[in-house]
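In: here are the coordinates; sequence isn't available:
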């Protein structure tokens, strides 16, 4: 069926320098049980086609949900018309790829498929989790949900390329709030970052009943805890906060379209410039960051990006030295840089732009026990709940759900509202220990926003826990 | 588009049984998007999309909904929708009852249809490119009609269609300082556009002076309406939601419980009447023209969805399920525009704030950064651009005891957001002068 569709639309490709058709079918299913009541189930089916034309010095696109022959030809003519209009007015005249992809494919491996489990069985599971979330009277709000997304992409172009990708991911979400003297504290299951390309078996293997009990108890403990003190101390940052630190202060500043100025009106620019690649010392020698579309089960694992560039693992930062940007085939042309397969669009109705895929911190060789033992005066920070960074990706302030004081190499009491702030250029130089594989966690965020017109996309981050020296932490009120 | 909507929903309702209720929500847009960088085109194209959400419920208080993307081709679409309806009907009996299900059963049809003019975007774009050929201009031009419809099997039909364009952009100088500008309207006028651009160029000239790095500490600041809107937007992140205030996750829950107050000059309404959003919610209820949410610094009324009304035994005001405002209207103050700099005297003029988030949500404390044109004010004069600073302050301080006053002049800010579809949110609000505004990094 899909191959027939690809073959059929292939005959509509126009006689131009270059044209691609990118068809996307997106299925979303969300089941939520809040305070023991099933919320209206969300089922969203979305499909459409993006036509991109590069011709005679021009570049244009048109996207349509009308998938009849008439609709596709109309969209193709509109893309050609935009291409004609932009001739001589473009900031960069893209040079299309010469190579073609011969029937490429990628499919997420779902051991137990989402569809095999009935709606009512999933709802029963969520109801059971709700019982454990509402374990004590002081729990004031609680809920659990499962989100399932399946994104199928079919691609063909005038080079003769054809590929098919089927990415599906599952995101379990748990939340518990506890109230004490009109102050509310919230705990979630990893800041809603446990999204993976994996089957329904993931939800059963994750032991959500135990997770529910833990976060409910945490919320109660936090609601009665003192505020985080203000001090400059060591910070041991857990993976569910590390992913945000990597995302905001490494991922975004390395996006090549930001460096080239495309995002200056919206998502911002970067303190990184083109001259820094190959020589700039981004952080301590322990810092190793990869663009890794090959990490099994991670959110942005794939074989091709949305421009049809083949995906492979490449280092962005190695031993602290900045190696290459997160720049797509076309952006790399503009900047004279090496590229990675990062041209991604939220769906058929938006053009691809430079995006994070899986941006991962390579594991080091320190155990959690060793890292805690090395701290005289510090804090363990867990689970992101607040993020803010300037438009050059330098001055940041992040907040976490839970802090645990570390004194003389031992974990002491819990503190609420832990925040910390710093400057990217300095922060990564304070990286002093990197966790080993035992703390390495595969996580990701389903909603990274960027671009004009705006787009959200799912990106993966896998990381161990890491220790930073002399971080400015503070609390609430 | 409306005829298509009525034809397709009419066919669907023929198959609805007497013990069923079907509500159909319809969203469509035909948009052009042209992205610019350095006054050249970066990406240009069109998006045409139609989607429909069908919500089927029965007399057992069971409910299931599904959204599908439509072709715009009747035969294919009716086939897709019938298949989806059959799926909903098949799944419905197995689901538990929904105790908070509430749909409008009073048939109340409405229509707001604006003339969709055939406007030549390419002519406007040529004007933009020509008038900015010597500038470093970056931004997005978006335009086209947006259609929103609702129909239910009881016979209610609501329709809202309008045309608008938005050119949201910034102009930069060689020091990487920038002024943010926006021209949004329903009808393009070269003179209006040129006037906005010219004022921006004049402001950019002040930014060309050597920049100053200011220290952390407390400052008297002026927030332009766009900057104040960022703070109001953070307050709206659950702050006006009945449910969030009830369960305590709202940044304004202490205000809603009369534990805290804002300055008596702060009054904020949800003003559907003067906004650009549809006046009906997805359950078929008609929204009140105006809801006073905060009056003279005191919390008056939340936005309450039909679901919340059943869950908490409250009266709803036809809010959407997110209970998020879409047409903020904040009362003006008394400070005239020509008094702003003298009132600041010594402090900071802030055109925009950016990337706000909470430092302590319980207590309404938030952080964010200055962005675009921000200036040091000395002795009532703009003297130098300032480098980016981070603030961290509580809404009860900024719009409470430290609020010096609001401006008499207000601006209508049309949201240029385009996530999934072009936004129809807007905010009308004044600027604010604030004492002891805390800069922390």
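Out: The structure has been received and is ready for your questions. Note that this is a predicted model, so its numbers are computed, not measured.

In: now the strands for the stretch 251-400 of chain A?
Out: Assigned strands in the stretch 251-400 of chain A, in chain order: A:289-291, A:314-318, A:321-322, A:343-344, A:353-354, A:359-361, A:377-389, A:395-407 (criterion: DSSP state E, counting those that start in this stretch).

In: Now for residue 355: which residues touch it?
Out: With no chain named, the answer covers chain A. Residue A:355 makes contacts with A:255, A:326, A:342, A:343, A:344, A:448, A:450, A:457, A:459, as judged by C-beta atoms under 8 Å, 6 or more residues apart in numbering or on different chains. No exception for glycine: its C-beta is placed from N, CA and C like everyone else's.

In: looking at chain B here, not the other one
Out: The neighbours of residue B:355, taking C-beta under 8 Å, 6+ apart as the test, are A:388, A:389, A:390, A:391, B:368, B:369.

In: shaky segments in the stretch 101-250 of chain B?
Out: Along the stretch 101-250 of chain B, the model assigns pLDDT under 70 to residues B:116-118.

In: Name the residues of it found near chain A, please.
Out: Remark: the part of the stretch 101-250 of chain B in contact with chain A comprises B:101, B:122, B:125, B:129, B:138-140, B:142, B:168-170, B:172, B:176, B:178, B:180, B:247-249, using C-beta under 8 Å from any C-beta of the partner chain.

In: Sort out for me which of the residues you listed are in strands.
Out: Using DSSP state E to define strands, the subset of these located there is B:138, B:139, B:140, B:142, B:168, B:169, B:170, B:172, B:178, B:180.

In: Quick check: which helices or strands does the longest helix belonging to chain A pack against?
Out: For chain A, the longest helix by residue count, based on DSSP state H, is helix A:69-86. Using 3 or more C-beta pairs under 8 Å, 6 or more residues apart in numbering or on different chains; DSSP states H and E as the contact test, the elements touching helix A:69-86 are strand A:18-34, strand A:42-55, strand A:58-64, strand B:40-58.

In: and the angle from it to strand B:40-58?
Out: Using axes from the mean of the first three to the mean of the last three C-alpha atoms, to 10 degrees, one finds that helix A:69-86 and strand B:40-58 are set 150 degrees apart in direction.

In: Could I get the contacting residues of the nearest residue to residue B:311 once chain neighbours are set aside?
Out: Spatially, and ignoring its direct neighbours in sequence, residue B:311 is nearest to residue B:100 (5.0 Å; C-beta to C-beta, 6 or more residues apart in numbering or on different chains). Contacts for residue B:100 were tallied using C-beta under 8 Å, 6+ apart; they are A:37, B:306, B:307, B:308, B:310, B:311.

In: Now, these that are in strands?
Out: Counting by DSSP E, these contribute residue A:37 to strands.

In: and the contacts of residue B:100, which two are the farthest apart?
Out: For these, the maximum inter-member distance is 14.4 Å, found between A:37 and B:306 (C-beta to C-beta).

In: Pick out whichever of these two has more residues nearby.
Out: Residue environment comparison for residue A:37 versus residue B:306 gives the larger neighbour count to residue B:306, 23 against 17, counting by other C-beta atoms under 10 Å in any protein chain shown.

In: How about that one, nearest residue that isn't a chain neighbour?
Out: Leaving aside its chain neighbours, residue B:306 sits nearest to residue B:102 (3.9 Å; criterion: C-beta to C-beta, 6+ apart).

In: so how far is residue B:89 from the one you found?
Out: 21 Å (C-beta to C-beta, to the nearest Å).

In: circling back: so which of the helices and strands packed on helix A:69-86 is the most surrounded?
Out: Mean neighbour counts were compared across these using mean count of other C-beta atoms under 10 Å in any protein chain shown; the top stretch is strand A:58-64, at a mean of 26.

In: Check which helices and strands that one sits against.
Out: strand A:42-55, helix A:69-86, strand B:40-58.

In: who wins for proximity to residue A:315 among the ones you listed?
Out: In this view, those are compared for proximity to residue A:315 by C-beta to C-beta, and strand B:40-58 is the closest at 28.3 Å.

In: Give me the mean pLDDT for the closest one.
Out: When pLDDT is averaged over strand B:40-58, the result is 97.

In: Please apply the same query to stretch A:106-114.
Out: Per-residue pLDDT values across stretch A:106-114 average out to 94.

In: ok, and does it reach over to chain B?
Out: No - applying C-beta under 8 Å from any C-beta, one finds stretch A:106-114 out of contact with chain B, separated by at least 14.8 Å.

In: and that stretch, how far apart are its ends?
Out: Between the opening and closing residues of stretch A:106-114 we find a distance of 18 Å, counting by C-alpha to C-alpha, to the nearest Å.

In: Stretch B:266-277 too?
Out: With C-alpha to C-alpha applied, stretch B:266-277 spans 24 Å between its terminal residues.

In: Give me the contacts around that stretch.
Out: The list of residues contacting stretch B:266-277 from outside it, by C-beta under 8 Å, 6+ apart, reads B:162, B:164, B:232, B:240, B:279, B:287-297, B:303, B:325-331, B:399, B:403, B:406, B:414, B:424-426, B:428.

In: Pull up the residues of the stretch 351-477 of chain A that are close to chain B.
Out: Close to chain B, as judged by C-beta under 8 Å from any C-beta, the stretch 351-477 of chain A has residues A:351, A:385-392, A:394-395, A:397, A:399, A:417, A:419, A:421, A:423, A:449, A:452-456, A:475-477.

In: If any of these are buried, put those into a ChimeraX selection.
Out: The ChimeraX selection below is limited to those of those classed as buried (16 or more other C-beta atoms under 10 Å in any protein chain shown):
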select /A:351,385,386,387,388,389,390,391,392,394,395,397,399,417,419,421,452,453,454,455,456,475,476
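
In: Give me the domain ranges for the chain.
Out: All of this is about chain A. What the record gives for chain A is the domain set A:2-223, A:231-474, from automatic domain parsing.

In: Sorry, I should have been clearer: chain B.
Out: Taking automatic domain parsing as the domain assignment, the ranges for chain B are B:2-207, B:217-439.

In: so where does residue B:234 fall, helix or strand?
Out: helix B:225-235 (DSSP states H and E).

In: quick one on the thing from earlier: and the domains of chain B, which is most packed in?
Out: Of all the domains of chain B, domain B:217-439 has the most neighbours on average by mean count of other C-beta under 10 Å, namely a mean of 20.

In: if we can go back for a sec, which of the domains of chain A sits most buried?
Out: Among the domains of chain A, ranked by average contacts under mean count of other C-beta under 10 Å, first place goes to domain A:231-474 (a mean of 21).

In: What's the end-to-end length of it?
Out: Distance across domain A:231-474, first residue to last, is 7 Å (C-alpha to C-alpha).

In: my read is residue A:467 is in a strand, agree?
Out: Yes - the assignment for residue A:467 is a strand, going by DSSP: H, G, I helix; E, B strand; the rest coil.

In: tell me which element the closest residue to it other than its chain neighbours falls in.
Out: Distances taken as C-beta to C-beta, 6+ apart put residue A:433 closest to residue A:467, at 4.0 Å, once the chain neighbours are dropped. Assigning secondary structure by DSSP H and E places residue A:433 in strand A:431-434.

In: what pairs with that strand, and is each one parallel or antiparallel?
Out: Sheet partners assigned to strand A:431-434 using DSSP bridges are listed as strand A:466-474 (antiparallel).
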